[in-house]
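> Sequence first, then the predicted structure:
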Amino acid sequence: MNFDLTPEQDQLRDAVRALGRRYGHSYFVEKAKAGEHTTELWDEAGRLGYLGVNVPAEYGGGGGGLTELAIVCEELAAAGCPLLLLVVSPAIAATVINRHGTEEQRKRFLPGFADGSLKVVFAITEPEAGSNFHRLGTVARRDGDDWLLSGRKCYISGVDEAQYVLVVARTEDATTGKLKPALFVVPTDAAGLTRSKLDMEIVSPENQFLLYLDDVRLPADALVGGSLDAGLPALFAGLNPERITVAAMGVGTGRYAIERAADYTATRKVWGGRSIGAHQGVAHPLAHAAVQVELARLMIHKAATLYDAGRDLEAGVAGNMAKYAAGEAAALAVDTAVQALGGAGMTTEYGVATLLGAVRAGRIAPVSREMILNFVAQHVLGQEKSY
Ligand SMILES: Cc1cc2nc3c(=O)[nH]c(=O)nc-3n(C[C@H](O)[C@H](O)[C@H](O)COP(=O)(O)OP(=O)(O)OC[C@H]3O[C@@H](n4cnc5c(N)ncnc54)[C@H](O)[C@@H]3O)c2cc1C
C-alpha cells in the first residue's frame, strides 16, 4: 500500500495549485457574475498540458491516467475554481472516445482534448427519464447512411462553450424494450439542435441547458465506435471517470472552504485575547469537516488507482463510494466554513457562500446520493432492487 504520489504527480499537483491560485476564487466569481466563462484559465491550463494529462501521448496528451486528471480537478477546486467542464470534457468525453471510439475518431478528437482546444460536453439526462436512464426517449433512426436524432435533454452543462455534445440516444429498433444506447458526437451548431439556458441557483461561469433535438442529421461516423454494439460499453466507460473527477472537485472545494475558514478563525478575536478558533464549538466542526474531506480524498485515491490499473469493476465500487463521500464532505465543509466565518461567511469577499449552490448540486449530480446508496446496497450488500 502506498499513499505517496509519484514525484511527477507531486510536481503536477504543485504546478496546478500555483496556476489555480494565480486566478483564484474571485476570478471565478467575477466571471460567473458577468455571465462570462473562465476561458483564460481553461486556455492556460490547456497550453500547460493539464487538461490533457489523461490523453495518450501518441495523440499529444500527457499519457497519464485518472489519478493525474483527479489531481488537476482537485487542485483547481482547492484554489476556488471548481471547473465542471473538466468532468464532462476531459474525463467523460475524452475517455469514451479514447476507449471506444474508432481509430479515425481518436485521431480526429484526441489531439484537441490533449491541448484543451476541444470541448465536448455530455448529454444523457432527460426530463422524463431522470435517474432512470432505461427510460431514455431520445431516439436515433437510420436514414440511408445518416442518423437522425430526436429528443430532449436537460441540465446539460457547458453547451454554449463546447464544439460538440456527446449525446446518449437509443436506437429505434430496440424491440426487446431493453436499452440499446448509442453515443453520437453532435456538433453544437448542428441544424435541428436548439438550446435554452436554465436559470440555476449556482454561482458558476458554467451554465446548464435544455437541449432539443429535432431530426438532427448526422453522418455515419458520428456514431461512437462505429457500431451499435459499442454503445453500452462506451456509456459505462464514462461513469468511473465522471464519478472520480467530480469527487475530486468536491474534495478540492471542501479544502478551499476549510482553509478560508481556518485562516479566519485563527486570527479573529471577539472575546478578549483568544481567537474564536480557540473555542471548540467553532474548531471542532471545522476539524470534523476536515476529517470527512480527507477520508473522501483517500477513497478517490483508491478509486483512481484501481481505475488506472484497469480494475474497472472494483474502481466502480470505489468511485461510487468516493463520489458519495466527497459530495457529503464538500457540502458539510462549505456549510461549516460559512458558519465559522459568521457574517463574513455570507459576503462575496470571503468567497465561501458563493459555493453553497455548487456543493448542494454535488449531492444530486451527476449521480445522486440516493442512486449511489442503491448501487452500494445492491452490489456490495447484495440487497434486492426496489425499483
Ligand atoms: C449543476 C448540474 C449539472 C448537470 N450537468 C449535467 C450534464 O452535463 N449532463 C447531463 O446529462 N446531466 C447533467 N445534470 C443532470 C443530473 O445528472 C441529474 O440531475 C441527476 O442525475 C438526477 O436526475 P433528476 O434531476 O432527473 O432527478 P430525479 O431522477 O427526478 O430524482 C429526484 C430525487 O429522487 C431520488 N430518486 C430517484 N430515483 C430513486 C430511487 N430509485 N431510489 C431512491 N431515490 C431515488 C433522486 O436521488 C433525487 O433525490 C446536471 C445536474 C445539475 C444539477
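Received it, and whenever you're ready, just let me know what you need.

> Tyr59 versus Gln105, what's the distance?
Distance, Gln105 to Tyr59, by CB to CB, to the nearest Å: 11 Å. Every C-beta, even on glycine, is put in place using the N, C-alpha and C of the backbone.

> now swap in Ala123 and tell me
Distance of Ala123 to Tyr59, given as CB to CB: 24 Å.

> Same drill for those two, tell me which one is more crowded.
Neighbour count, other CB atoms under 10 Å: between Ala123 and Tyr59, Ala123 has more, with 26 against 19.

> Tell me what that one is bridged to.
Applying DSSP bridges to Ala123 gives these bridge partners: Val167.

> For Tyr155, which three-state class applies?
strand (DSSP: H, G, I helix; E, B strand; the rest coil).

> Pro127 now?
Put simply, Pro127 is coil when judged by three-state DSSP.

> Any idea how many residues pack against it?
12.

> what about the closest residue to the ligand within the stretch 201-350 of the chain, how many residues close to it?
Nearest residue of the stretch 201-350 of the chain to the ligand (CB to the nearest ligand atom) works out as Gln208 at 5.1 Å. Neighbours of Gln208 under the rule other CB under 10 Å: 20.

> Does it touch Lys153 like I think?
No - counting by CB atoms under 8 Å, Gln208 stays clear of Lys153, with 10.4 Å between them.

> Run through the residues that contact the residue of the stretch 201-350 of the chain closest to the ligand.
Each residue near Gln208 by CB atoms under 8 Å, 6 or more residues apart in numbering is listed here: Cys154, Tyr155, Ile156, Ser157, Lys197, Leu198, Met200.

> got it, and Ala93?
Phe113, Val120, Val121, Phe122, Tyr164, Leu166, Gly238.

> Before we go further, it is sitting in a helix, right?
Yes - remark: Ala93 belongs to a helix, assigned using three-state DSSP.

> what about it, distance to Gly158?
In this view, Ala93 and Gly158 are 11 Å apart by CB to CB.

> Same question for Val376.
Val376 is 29 Å from Gly158, by CB to CB.

> which of the two has more neighbours?
Gly158 (24 against 15).

> Test my guess that the more buried one contacts Lys119.
Yes - between Gly158 and Lys119 there is a contact under CB under 8 Å: 6.7 Å.

> Now for the two: what residues contact both?
Shared contacts of Gly158 and Lys119, counting by CB under 8 Å, 6+ apart, come down to Leu85, Ser89.

> what's near enough to touch the residue in the stretch 51-200 of the chain that the ligand sits nearest to?
Nearest residue of the stretch 51-200 of the chain to the ligand, counting by CB to the nearest ligand atom: Gly130, 2.7 Å away. For Gly130, no residue meets the contact criterion (CB under 8 Å, 6+ apart).

> how about it, secondary structure?
Secondary structure, three-state DSSP: Gly130 is coil.

> Show the backbone phi and psi for it.
Main-chain torsions, Gly130, degrees, to the nearest 10: phi 50, psi -130.

> Three-state assignment for Ser196, please.
With three-state DSSP as the basis, Ser196 sits in strand.

> I'd say it and Leu210 touch.
Yes - between Ser196 and Leu210 there is a contact at 5.0 Å, judged by CB under 8 Å.

> will you turn the contacts of Gln208 into JSON lines that also has distance to Thr39 and neighbour count?
Below are the contacts of Gln208 laid out as JSON lines (distance: CB to CB, whole Å; neighbours: other CB atoms under 10 Å):
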{"residue": "Cys154", "distance to Thr39": "25", "neighbour count": "16"}
{"residue": "Tyr155", "distance to Thr39": "22", "neighbour count": "20"}
{"residue": "Ile156", "distance to Thr39": "19", "neighbour count": "22"}
{"residue": "Ser157", "distance to Thr39": "16", "neighbour count": "23"}
{"residue": "Lys197", "distance to Thr39": "18", "neighbour count": "12"}
{"residue": "Leu198", "distance to Thr39": "21", "neighbour count": "12"}
{"residue": "Met200", "distance to Thr39": "20", "neighbour count": "15"}
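
> Cross-check those residues against the ligand and keep the overlap.
The residues of the contacts of Gln208 that also fall near the ligand, by CB under 6 Å from any ligand atom, are Tyr155, Ile156, Ser157.

> Relative to Val186, which of those is nearest.
Ile156 (11.1 Å; CB to CB).

> where do the helices sit along the stretch 51-200 of the chain?
66-78, 85-86, 94-100, 103-115 (DSSP state H, counting those that start in this stretch).

> Those helices: which one's closest to Glu242?
helix 94-100 (8.7 Å).

> list the contacts for Gly52?
The contact partners of Gly52, by CB under 8 Å, 6+ apart, come to Gly46, Gly60, Gly61, Gly62, Pro90, Ala94, Phe113, Ala114, Asp115, Gly116.
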